[in-house]
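Undergrad: Take a look and give me a structure for this.
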Amino acid sequence: GRVYNFLTTDRSAGFVVDEPPADLVTWMVSIDYGQQHPTCMGLWGYSLSERCWYLVKEFYTKEKTNVVYSQEFGREMLHYRGNVIIPQSVEIDPGGGGSSLITQFRADYPNLTINSAHKKDVIDEIQSYAGAIFTHAVRFCSSCKRAIDEHMSYLWDEKAKERGVEQPIKLNDDGPDMGRYFWNRAKVYK
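TA: Numbers count the residues shown, from 1 in each chain. From the prediction side, this is the model:
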């Protein structure tokens, strides 16, 4: 079954919005790094009036050097609606070679807080992130179509379940992993 089985794009449900509020004051970026799969970057903004986070921008890229990923990050994630964004933190997946991207970003953006994304217990993290989505502590802008589609098609591994193991299938997981890395840090800022 679907990991986020409650998630729908029906606007009346409140998970997806066409426009975020104008009062986004705190920013974060999270990145699921991939060499064999896409690198997914997300820009998140916190609304004071709504008291929730919005995924306002996504960017998928792949099969490039860390230097190019870093340039794309600067172009895609540090600009929003004509404004320069200074994120409170940038969370990067250290796995699969992501630690080298962290090193590159720290060299290229010494004034930003670049963190290795915390990954302790994936199932607990998925449950925490699901709770944030379900209670509208996290919402998605409709312009982030690929991340929304991936969240909606993120599935539990039924074969693993038969063995008594709870884990998601490693498919359509770039956006959900990016979101989970974001929430692991964002819940600290609440």
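Undergrad: How many residues are close by Ile123?
TA: 11 (other CB atoms under 10 Å). Every C-beta, even on glycine, is put in place using the N, C-alpha and C of the backbone.
Undergrad: Please apply the same query to the one 10 residues further on.
TA: As a burial measure, the neighbour count of Ile133 was computed by other CB under 10 Å and equals 18.
Undergrad: Likewise for the one 5 residues further on?
TA: The local packing count at Val138 equals 22, with neighbours defined by other CB under 10 Å.
Undergrad: Assess the claim that it and Arg51 are in contact.
TA: No: contact criterion CB atoms under 8 Å: Val138 and Arg51 do not qualify, at 11.4 Å.
Undergrad: I figured Asp174 hits Glu150, correct?
TA: Yes: between Asp174 and Glu150 there is a contact under CB under 8 Å: 6.2 Å.
Undergrad: roughly how far apart are Ile31 and Phe15?
TA: 22 Å (CB to CB, to the nearest Å).
Undergrad: And the pLDDT for the nearest residue to Trp183 once chain neighbours are set aside?
TA: Distance criterion CB to CB, 6 or more residues apart in numbering; nearest residue to Trp183, sequence neighbours excluded, is Tyr129 at 4.4 Å. As predicted, Tyr129 sits at a pLDDT of 97.
Undergrad: which residues does Tyr129 contact?
TA: Tyr129 is in contact with Val138, Pro176, Gly179, Arg180, Trp183, counting by CB atoms under 8 Å, 6 or more residues apart in numbering.
Undergrad: I'd like the residues you listed as CSV, with distance to Arg146 and secondary structure appended.
TA: Formatted as CSV, the contacts of Tyr129 follow (distance: CB to CB, whole Å; DSSP: H, G, I helix; E, B strand; the rest coil):
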residue, distance to Arg146, secondary structure
Val138, 17, strand
Pro176, 11, helix
Gly179, 12, helix
Arg180, 16, helix
Trp183, 18, helix
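Undergrad: Lovely, talk soon.
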